[in-house]
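> below are the sequence and a predicted model for it; my questions follow.
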Amino acid sequence: MSLAATARPRSGFARVASATLRAFNTNKTSWVGLALFLIVLIIAILAPWIAPHDPIEQDIFSKLQGPSATHWLGTDYYGRDILSRLMYGARYSLIIGIAATAFAMVAGSVIGMLAGYYGGRFDTITMQVMDILLAFPSLILGLIIVAMLGPSLLNIIIAIALTSIPSFARIARAPTISVKEREFVEAGRSLGYSDARILFVHILPNITAEILVMFSLWTASSIRTEASLAFIGLGLKPPTPTWGGMIREGFENILESYWLAMMPGLAILIVVFALNLLGDGLRDAIDPKLKGEQ
């Protein structure tokens, strides 16, 4: 066998997708998670067209009404429709959760791959910095960053992303250390391939599955963190509808109007549950027994 043939990685992005599909067919609950997440995603995208009311329009004469034919999930203290605010709130929660996790995934994966590939003092110093960041609870670190930068959409995304980068760095580093010792990587070095080509063409496809599992699970965590920041007053400014902000507003009337806090809490529960089911399916996809490898 020639060195060029040996240099090809045994698995790539296509094999990751194939293994994921097989794992999903084995773990049927993963399809439930995918369906639930897609439903929420579609509702968020179509919110301007399917929401029954303006989410920020106030009607003081209809305040604190229970579920009815006009307002399916009731109204809040200002008479705003809860269902409409939930639909629009899904947009902000998903944008923040997915964008923050995607940014953290890219940055953390690159850091982890570089640390695992080069090793030595660079690896030690890099991982020590990541450990320092991991020592701070993600909510506390996010709170500090948002308080410093100010509560805007971009700043919240940056704050949540910075709290997630160390976890992705750790996830990417461990398999990189293992994969860089395999034959096709050694063959690539022998052929004079650059470090960038080896990292992103040969190593990255082999660690993608682990990173995707982390992405799914950490997106759920990012959505919870955003809701927590909004609940303590560091989310998007009112009257912008956010799930955490709705819970905070409803908490003041929890005894008389339970639906104000229950409905956005249920929305967060559904999305987090769906993403965790997706994570289970992706975790099965990297199981060597299910992939038929090793």
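Right, received. Where do you want to start?
> pull the helix or strand with minimum mean pLDDT from this structure.
helix 3-6 (a mean of 43; mean pLDDT, DSSP states H and E).
> contact partners for Gly66?
Contact analysis of Gly66 by Cβ atoms under 8 Å, 6 or more residues apart in numbering lists 74, 257, 259. Any C-beta I mention is one placed from the backbone N, CA and C, and that applies to glycine too.
> and Ala90, by the same measure?
Contacts of Ala90 (Cβ under 8 Å, 6+ apart): 40, 43-44, 47, 243, 267, 271.
> now do Tyr88
Tyr88 touches 47, 51, 55, 241, counting by Cβ under 8 Å, 6+ apart.
> in helices, which of the residues you listed fall?
Ala47 (DSSP state H).
> reformat the contacts of Tyr88 as TSV; add pLDDT.
As requested, the contacts of Tyr88 are exported to TSV (pLDDT from 0 to 100):
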residue	pLDDT
Ala47	93
Ala51	92
Pro55	91
Pro241	90
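> which of the contacts of Tyr88 sits closest to Arg224?
Ranked by distance to Arg224 (Cβ to Cβ), these are led by Pro241 at 17.5 Å.
> against Met263, how distant is that closest one?
With distances taken as Cβ to Cβ, to the nearest Å, Pro241 is found 12 Å from Met263.
> and the two? Which one has more around it.
Ranked by neighbour count (other Cβ atoms under 10 Å), Pro241 and Met263 place Pro241 first, with 28 against 23.
> can you pull the contacts of that one?
55-56, 84-86, 88-89, 92.
> now with 7 Å?
55, 85, 88-89 (Cβ atoms under 7 Å, 6 or more residues apart in numbering).
> just the closest of the residues you listed to Asp195, please.
So of the contacts of Pro241, ranked by how close each gets to Asp195 (Cβ to Cβ), first place is Gly89, at 44.2 Å.
> is that closest one in contact with Ile247, as I believe?
No - using Cβ atoms under 7 Å, Gly89 is not in contact with Ile247; the gap is 10.2 Å.
> okay, the two: which has more neighbours?
Neighbour totals were compared for Gly89 and Ile247, and Gly89 leads with 28 against 22 (other Cβ under 10 Å).
> now the more buried one, nearest residue through space, not along the chain?
Pro241 (4.3 Å; Cβ to Cβ, 6 or more residues apart in numbering).
> what subset of the contacts of Tyr88 is buried?
47, 51, 55, 241 (16 or more other Cβ atoms under 10 Å).
> any buried residues in the helix or strand Ile270 falls within, and which?
Using DSSP states H and E, Ile270 maps to helix 259-285. Buried residues in helix 259-285, defined by neighbour count with 16+ other Cβ under 10 Å: 259-265, 267-268, 271-272, 274-275, 277-285.
> then stretch 48-56?
So stretch 48-56, judged by 16+ other Cβ under 10 Å, has buried residues 51, 53, 55.
> as CSV, those residues with distance to Glu183 would be great.
CSV is the format used below for the buried residues of stretch 48-56 (distance: Cβ to Cβ, whole Å):
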residue, distance to Glu183
Ala51, 56
His53, 62
Pro55, 57
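> and of those, the nearest to Val32?
The closest of these, once distances to Val32 are taken by Cβ to Cβ, is Ala51, at 25.6 Å.
> which residue packs closest to that closest one, ignoring adjacent ones?
Ala51's closest residue in space is Ser84 (Cβ to Cβ, 6+ apart), at 4.1 Å.
> give me the mean pLDDT for the host helix or strand of the one you found.
Using DSSP H and E, Ser84 maps to helix 82-118. Across helix 82-118, the average pLDDT comes to 93.
> let me see the contact set for Met105.
168, 211, 215.
> neighbour-wise, which of these leads?
Neighbour max across the contacts of Met105 (other Cβ under 10 Å) = Phe168, 27 neighbours.
> pretty sure that one sits against Val110.
No - contact criterion Cβ under 7 Å: Phe168 and Val110 do not qualify, at 9.2 Å.
> in this protein, where is pLDDT below threshold?
For the chain, the stretches flagged by pLDDT under 70 are 1-27, 285-294.
> helices of that one, start to end?
3-6, 13-26, 29-50, 82-118, 120-134, 138-149, 153-179, 183-190, 195-197, 204-231, 243-251, 259-285, 288-291.
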